[in-house]
Each structure stands twice: as structure tokens, then as C-alpha cells.
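Q: I need the structure of the sequence given here:
(chains A, B and C)
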Amino acid sequence: MPLITLTTDFGQADWFVGSMKATMLSVSSRLRMVDITHSVPPGDVKAGAFALFASCRYFPSNTIHLVVVDPGVGSSRKPIVVKTSNFCFIGPDNGVLSYALAEEEVESIHSIENASLFVQPVSRTFHGRDLFAPVAAHLAKGLPVTEVGPALSSFIQLDWTKPTSCDRKWLGEVVYIDHFGNAITNLPANLIEDSSPAAREVMLANGTRIPIGHYYQQAGANQPIALVGSTEYLEIAINGGNAAKLLDLKVGAPIVAL
Amino acid sequence: MPLITLTTDFGQADWFVGSMKATMLSVSSRLRMVDITHSVPPGDVKAGAFALFASCRYFPSNTIHLVVVDPGVGSSRKPIVVKTSNFCFIGPDNGVLSYALAEEEVESIHSIENASLFVQPVSRTFHGRDLFAPVAAHLAKGLPVTEVGPALSSFIQLDWTKPTSCDRKWLGEVVYIDHFGNAITNLPANLIEDSSPAAREVMLANGTRIPIGHYYQQAGANQPIALVGSTEYLEIAINGGNAAKLLDLKVGAPIVAL
Amino acid sequence: MPLITLTTDFGQADWFVGSMKATMLSVSSRLRMVDITHSVPPGDVKAGAFALFASCRYFPSNTIHLVVVDPGVGSSRKPIVVKTSNFCFIGPDNGVLSYALAEEEVESIHSIENASLFVQPVSRTFHGRDLFAPVAAHLAKGLPVTEVGPALSSFIQLDWTKPTSCDRKWLGEVVYIDHFGNAITNLPANLIEDSSPAAREVMLANGTRIPIGHYYQQAGANQPIALVGSTEYLEIAINGGNAAKLLDLKVGAPIVAL
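A: Numbering: from 1, shown residues only, chains lettered A, B, ... in the order given. Here you go, the predicted structure:
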């Protein structure tokens, strides 16, 4: 039976994630679930999209990726299932799946409308528990995706800001701040490494220049360093410190590689 | 083998939850466990009781619900097992099981005294690991509940403050603040919806009036709305914001539906 | 198949832990994993070592303990596997395994160098996902430890500050602050209980004296108490409060038992 991963903004302070697992395990007690994260900032569709994008490809083929970052729950936004050649993605059609799907070969898109799959009565505020989770569980158990509802021809795509080049420099921006305070940018490894000449440092908006290196401890203690991180994008770190705090970097901050 | 759920105030910063799972898996490596939450505020028996109440019914029949919010650990408070027609509940007899049990048909209550089931030596401060977890695991493995210790005739019940009516208005209070800052009240859906006339707004202690709607985005951005939440109680939310912070709502704050 | 435990400083805000589980489950979808904690303070090797030490012995024999607190990732520090008579430990050779290993009979130490076991390409910053996790999974699946790389004769050991005695008093220090604010010391139970006369109170650096008792609620509400905690070391607590905050106790603070 395929794995189901969970990515949500429900946090772990309450019973929300446990309730989703409850309704999944009520469909089949043999299901296996893995948490990607439940700490997406509340309603932050882009951060959820990035977390899924950064991790989904490492799971076994046929994994079902369930994502609930759903500020529009109860409104007219559609719940969807997108089948690709590698995986199956389930979530609200608000763009949260779109960064991951940009890397995938999409085979079908379906709107979830088959109410016989839902936990009844369906609450107005918690489709994670009452709709998405049981549908994911039924799909893991083998339900054909065509049974969830009618086919759609497209899904909502979030903009992914691409770096721009200017005078042989690349201008990008911070797209995610992680737990360590590392600031992940949208400057991909190949762009940095294959530039001619290869980029050797980055510049922040305030003019601070930071060398590009290979690993954190290459910088002196508490010194900044830029390096290609595990997402294969350039990130800005401080050896032993929190770069986002100490360099005042936020999502959207401009970064120039030169 | 039945599932075991875990609800504690142990947090996830230390090794406490892992140690409970360790002593369970030492009884049977085939056990399956699901976390409800470990972020009950330290020693907050009412919050733990509410988390269990709000989630336990969604699990498959025969699930064993293990709850350790136990400020009296090591004192004379009794560890108990309560069997109901749907589930089995294990925890300290301090009321933490009582909100959930109020919805259940109780079949038996036993005091946990059979020390042969415990991890020895039993620590004075961590009965979660040394007593509750292994007993839950033995029950999941099929131990009859009569083997854990002598039958009891009652368990401690926490007060659940019921709403009162006055002049066709209902007066309730906030009972839980969730991760999103939504303030869950003790005003049940049927009371709101079946009032004649049905309630159309709520009033806070400072006189602020908030309309009752159906889903979060029905309110304008950063505007408050009251709605029946996934626990089937009225809750107060802000579309895209944290209602508890922005409206200064705490557990116990009075709420009038009118 | 043996269990795999995870102890890291990756936090749960991002996708890091999920990615490690992804690469493990890609080796074998039947693996079972238990989180000890992911909230070791970033790069705090001693705190990680203590969490592992405090919990690892409760897991079933043959459990594989995977620990990634690895501020030197990408530098010359070695990834190692240490087999003991009870368990298998995997992590960076920076001392993070050493408190746990001090309690174990070490059978072999190997350097992880067999790149055919890794996820390719190996990132420079996330050996948890690309190296440690898949190696742990292969070991769980039955790979002989000799296949991971060449044998080593030693591993790095962190200092464990031992209590010193003076005038029939014992001088120790705080080694860990837990989620509840309890301050765990390096004064072991037997030292306290077998002293002649047995210690009856502890003294803080500022002269405050705190009685030694048996359980939290033995102290009055919001009163301090010292007691032997679940790690079998003396800890300082406040009944219903956060001792570390209220008594201003930090790791390294001196504690005298007398």
C-alpha cells in the first residue's frame, strides 16, 4: 500500500493532525503515514508549496502527498487530486501543489466531489479531517482516481519568481527561511556554478558581501557564508548562528550573485 | 491489534514521548501509535481533556487512548483504565479523561496496580514511561482489563461549564484557544442553529459584536467572524489573523450569542 | 526488522525530518521509525548526547539509534556506526553518541565511506538525508556493518563533568533543562541516597536551599523541590511552575547537595 505524507499548517499544539490520521486509519488500519511538516505558517500557501517541492521527490514512487494549507476552506475553492507519473497529490486548488507539480509529468487532475468518501457530517472548517484525509486513504487503498470526481483541465499555479540576469550578475531573492535561520534563495546551483566566471560571492541589499563556499564550517565561527544547500539552491548561512536574524533577511529580500 | 493514541503535556523538545514509545514497543514491536498532541500546556488537565474529547471519536473502534497530563505523578492519585463500548482510555484519575467519557457508554473502570506490567524500577516522576505506556501496550496485545488491578465504581469528573440562557440569549465562554488563535466556545452548534430566532451574532465582554457565518473567508480580510467549528461548537476567528490575540480572548472569556 | 530512532536538531518547522524518513523508506517501505526528538538546540552536541543517553536504553534490543546533530556537516568530521551488544548507533563522530556509549559494551566502530549506499548526488549540507538515513535503513534491512566502511579504533568522547565531594557535600551542576523547566543535574541517585548521612537538601549558587523530596506535589504550590527524576539524576523542579525560569538556572549552574 502506498505511503501517505502530510504537509499542513495545523501545527502540533492541538488535535488536528491526530484527527486527520484518525479518519485515515478508519478507512484502513494498515495505512502508513509520514509527516513532512505541520508548521507551515498559518495560511502561507507559498511556504507550504516550497516545503512540498523540497521534499516530495525523495519519497518512494506512488507515494500520496496530502497537503492542507487551506485558508479558503469552506469557500468555493476546489479540493483536487493530481496524478503524476511518480506520485499522487491531494490538496486544495490554491497553488499549494504547484511548485512540486512543476517538476512532475501530470497525468490527470480531478475535482474531489464524491461525498460518499467523506466523513459525515462534513464540517465547514476542517476539510483536512473530513474530506482530504479519507479521500487520500481511499486512494491508498486502491480507489481509482476517476472515482473521486470529474476531471479538470488545469490547476492554479503560483508564481515562482525566477532570477534575472544583468551585467553578468544574477539577481534573485530569499524564498524561505528555515529552522536554523538559513535563508534559501531562488538562485539554483547550476546558475551559480555554471556562470562564466562562476559566482564567487553574494551581495545583500545593504551592500554586505558574503563569500560562496561549500560547507558551513568553512566560515569562521559566527561568520556568514553562502553555499548550495540541500534543495540545490543557494542559501545564506552563518556558521553557528541564525543568518536570517543576524543579517535581517526575510522572504523576498533581494540577493545578487556576482 | 488496536491502535494506541498519545495525548500528553510532555512537549517534543525532550526524549519523553520517545521513551514512552520505547517502553511500548518493548512490549510488542508490532504496536501502532498515533500522536494526538504532546503540547497540552504543562499540567493543564482541562486542556488535555478537551483535546481528547475533540479527537477521540474519529479513531477506529477499540483504539486505546493513552493520556498523560499528570501533575500529581507520584502522589496518591490513581492511574486508571476505563473501558467503554467504543474505546479504552488510560490515564491518571484527575479528570483528564472525563470530557471524552461523557460521550461514551462506560463498561468498566479499573485501578492500575499490577506492578508486573510496569518497567522496573518505576521512577517517581515519569509514570508515562514506566507505568501507563507498558500497560497500554499490554492491553493492545490482548491483556484483559481485569488483569490491571481492582475494579472501581467511579472516576473524577471535571466540570464542564454549560451555557446559560437569559432573555432568549445564550451566555457561554471560551474553552480553548487553538494554534490559529481561534477561540472555541462551549456554545454547541444545535443551540445556535436551533434557537428561535437562530443566533446571528455574538457579543464579547467589551461589547464588540461579531456576525455568525459559515466559513472563514466569508469575513473580509482581517475581519472577525463566528462560526460552528470542527468540534461542533461555536468559535470566534479572524479571516487571516489570530482572533485570540487581536480580540484579547482567553479561556474563560464570556461570550453571548444573540 | 529492527526499529530506527531519530534524534536531530532539525526541528519540525521544515521538511528535513520528513526527507530523512523519505530516503529511509525508499530503501525499505517496511521500516519502522520512532522520533526521540528533533528539538535539540541547533548544533548543541552535548544536549543531543544527553537526550540519546536518557532514552536509548528503553528501546528493544537491536534498535538502530540514528543521531544527526552535526554542525560540522561537509567538513572532515567522520560519519560513524558503532555497534554495541545491545544497539547500533549512527551519527557524526563529534561526541554526540558518547554519553550513550559510555553505558554500552562497544563491539565495533566503522567509518561510513561506502558511497554506493548514499542518495546521489550527496548534498554538502544535509548528510542526514543523503548519507546517515539511507545507511541506517540498509543496516535495518540486514547489511553487515562491515560493509559501511573501514573499522576505526576509537570515537570522540565528550567530557561528562562528574560531581566532586568536599566536606561530605557533593558539588555538581545543571546538565539539562527540560520542557517543564526542570533542571536536571549530574548528581546521580545513588550518590544522593547512599551518602551517609543521605543528602536532604540542595543549595544553589545564590545560597537558596531546596529540600530533597520524592514527587512534585510534595512541595506546596509554586514551591521548589529537588528529587530524583526519571533519568536517575537529581533534578530541581517547582510544583506547578518552571524552575529554570523562576530560579534562574542554566546549564552549568553549580548545585551543592548537603
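Q: Which positions in chain A make contact with chain C?
A: On the criterion Cβ under 8 Å from any Cβ of the partner chain, chain C has as its neighbours in chain A the residues A:3, A:5, A:7, A:12, A:32, A:34-39, A:51-52, A:54-55, A:58-60, A:178-180, A:214-218, A:227-230, A:232, A:235, A:239-240, A:242. Every C-beta, even on glycine, is put in place using the N, C-alpha and C of the backbone.
Q: Counting neighbours, which bits of stretch A:204-224 end up buried?
A: Residues A:204, A:210, A:212-213, A:215-219, A:224 are the ones in stretch A:204-224 that count as buried (16 or more other Cβ atoms under 10 Å in any protein chain shown).
Q: Near chain B, list only the ones from the residues of chain A next to chain C.
A: Subset of the residues of chain A next to chain C in contact with chain B: residue A:12, counting by Cβ under 8 Å from any Cβ.
Q: Buried members of the residues of chain A next to chain C into PyMOL, please.
A: In PyMOL syntax, the buried subset of the residues of chain A next to chain C is picked out as below (16+ other Cβ under 10 Å):
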select buried, chain A and resi 3+5+7+12+32+34+35+36+37+38+39+51+52+54+55+58+59+60+178+179+180+215+216+217+218+227+228+229+230+235+239+242
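Q: Cross the residues of chain A next to chain C against helices and list the overlap.
A: Using DSSP state H, A:51-52, A:54-55 are the members of the residues of chain A next to chain C that sit in helices.
Q: Please report how far residue A:100 lies from chain C.
A: 11 Å (Cβ to the nearest Cβ, to the nearest Å).
Q: got a list of contacts for the helix or strand harbouring that residue?
A: Using DSSP states H and E, residue A:100 falls within helix A:98-101. Residues outside helix A:98-101 that contact it (Cβ atoms under 8 Å, 6 or more residues apart in numbering or on different chains): A:49-50, A:52-53, A:56, A:65, A:82, A:84, A:89, A:155-158, A:160.
Q: Contacts only, for residue A:16.
A: Neighbour list for residue A:16: A:8, A:10, A:38, A:126, A:128-129, B:178-179 [criterion: Cβ under 8 Å, 6+ apart].
Q: can you tell me the residue of the stretch 51-200 of chain A closest to chain B?
A: Nearest to chain B, among the residues of the stretch 51-200 of chain A, is residue A:74, at 2.6 Å (Cβ to the nearest Cβ).
Q: Let me see the contact set for the nearest residue to that residue once chain neighbours are set aside.
A: With Cβ to Cβ, 6 or more residues apart in numbering or on different chains as the criterion, residue A:74 has its nearest non-adjacent residue at 2.6 Å, and that residue is residue B:215. Residue B:215 sits next to A:73-75, A:124-125, B:227 when contact means Cβ under 8 Å, 6+ apart.
Q: Quick one: buried ones out of these?
A: Listed as buried from those are A:73-74, A:124-125, B:227; burial here means 16+ other Cβ under 10 Å.
Q: Tell me the span between the first and last residue of stretch A:181-190.
A: 23 Å (Cα to Cα, to the nearest Å).
Q: If you count neighbours, what's buried in that stretch?
A: A:181-189.
Q: which one of these sits closest to residue C:105?
A: residue A:182 (39.2 Å; Cβ to Cβ).
Q: As a check, name the ranges of all strands in the stretch 101-250 of chain A.
A: Under the criterion DSSP state E, counting those that start in this stretch, strands of the stretch 101-250 of chain A are mapped to A:106-111, A:164-166, A:169-177, A:183-188, A:201-204, A:209-213, A:224-228, A:233-238.
Q: just how off-centre is the second one within its chain?
A: Here strand A:164-166 is found 26 Å from its chain centre; the criterion is Cα atoms, centre = their mean, to the nearest Å.
Q: likewise the fourth one?
A: When distances are taken as Cα atoms, centre = their mean, strand A:183-188 is centred 14 Å away from the chain's centroid.
Q: Not counting residues beside it along the chain, what's closest to residue A:92?
A: That would be residue A:70: by Cβ to Cβ, 6+ apart, it lies 4.4 Å from residue A:92.
Q: hmm, back to that, how about the contacts made by the residue of the stretch 51-200 of chain A closest to chain B?
A: A:124-125, A:127, B:214-218.
Q: Using the three-state scheme, assign it.
A: Under the three-state scheme (DSSP: H, G, I helix; E, B strand; the rest coil), residue A:74 adopts coil.
Q: follow-up on the earlier one: now, among the buried residues of stretch A:204-224, which is nearest to chain B?
A: residue A:216 (23.3 Å).
Q: From residue A:254, how far off is that closest one?
A: Counting by Cβ to Cβ, to the nearest Å, the gap from residue A:216 to residue A:254 is 23 Å.
Q: repeat for residue A:8
A: As judged by Cβ to Cβ, residue A:8 and residue A:254 stand 30 Å apart.
Q: Would you mind telling me which of these two has more residues around it?
A: residue A:8 (25 against 12; other Cβ atoms under 10 Å in any protein chain shown).
Q: Can you tell me the closest non-neighbouring residue to the more buried one?
A: Per Cβ to Cβ, 6+ apart, closest to residue A:8 is residue A:68, 4.5 Å.
Q: what number of residues lie near that neighbour?
A: If you count neighbours by other Cβ under 10 Å, residue A:68 ends up with 29.
Q: What pLDDT does the model give it?
A: On pLDDT, residue A:68 comes in at 97.
Q: mind listing what it touches?
A: A:6-10, A:20, A:91-92, A:127-128, A:132.
Q: mind running it again at 10 Å?
A: A:6-10, A:16-17, A:20, A:38, A:40, A:48, A:79, A:90-92, A:96, A:126-129, A:131-133, A:136 (Cβ atoms under 10 Å, 6 or more residues apart in numbering or on different chains).
Q: Mind listing the residues bridging to the closest residue to residue A:50 other than its chain neighbours?
A: Spatial nearest neighbour of residue A:50, excluding adjacent residues (Cβ to Cβ, 6+ apart): residue A:176 at 5.0 Å. Residues in a beta bridge with residue A:176, per DSSP bridges, are residue A:184.
Q: and residue A:176, what pLDDT?
A: Predicted confidence (pLDDT) for residue A:176: 96.
Q: Quick check: it vs residue B:105, distance?
A: Taking Cβ to Cβ, one finds residue A:176 at 49 Å from residue B:105.
Q: So between those two, which is more surrounded?
A: Using other Cβ under 10 Å, the more surrounded residue of residue A:176 and residue B:105 is residue A:176, with 23 against 8.
Q: Looks like that one contacts residue A:230 (just checking).
A: No. Counting by Cβ atoms under 10 Å, residue A:176 sits too far from residue A:230 to count as a contact (11.9 Å).
Q: Find the residues that touch each one of those two.
A: Common neighbours of residue A:176 and residue A:230, using Cβ under 10 Å, 6+ apart, are A:54, A:182, A:184, C:15.
Q: can you put the contacts of residue A:16 in a markdown table and add distance to residue A:120?
A: Below are the contacts of residue A:16 laid out as a markdown table (distance: Cβ to Cβ, whole Å):
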| residue | distance to residue A:120 |
| --- | --- |
| A:8 | 22 |
| A:10 | 21 |
| A:38 | 25 |
| A:126 | 13 |
| A:128 | 15 |
| A:129 | 12 |
| B:178 | 23 |
| B:179 | 25 |
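Q: Which of these lies at the shortest distance from residue B:258?
A: The closest of the contacts of residue A:16, once distances to residue B:258 are taken by Cβ to Cβ, is residue B:178, at 24.1 Å.
Q: Skipping its backbone neighbours, what lies nearest that closest one in space?
A: Leaving out its chain neighbours, the residue that sits closest to residue B:178 by Cβ to Cβ, 6+ apart is residue A:14, at 4.9 Å.
Q: try residue A:235
A: If the residues on either side of it in the chain are set aside, residue A:235 comes closest to residue A:229, at 3.9 Å by Cβ to Cβ, 6+ apart.
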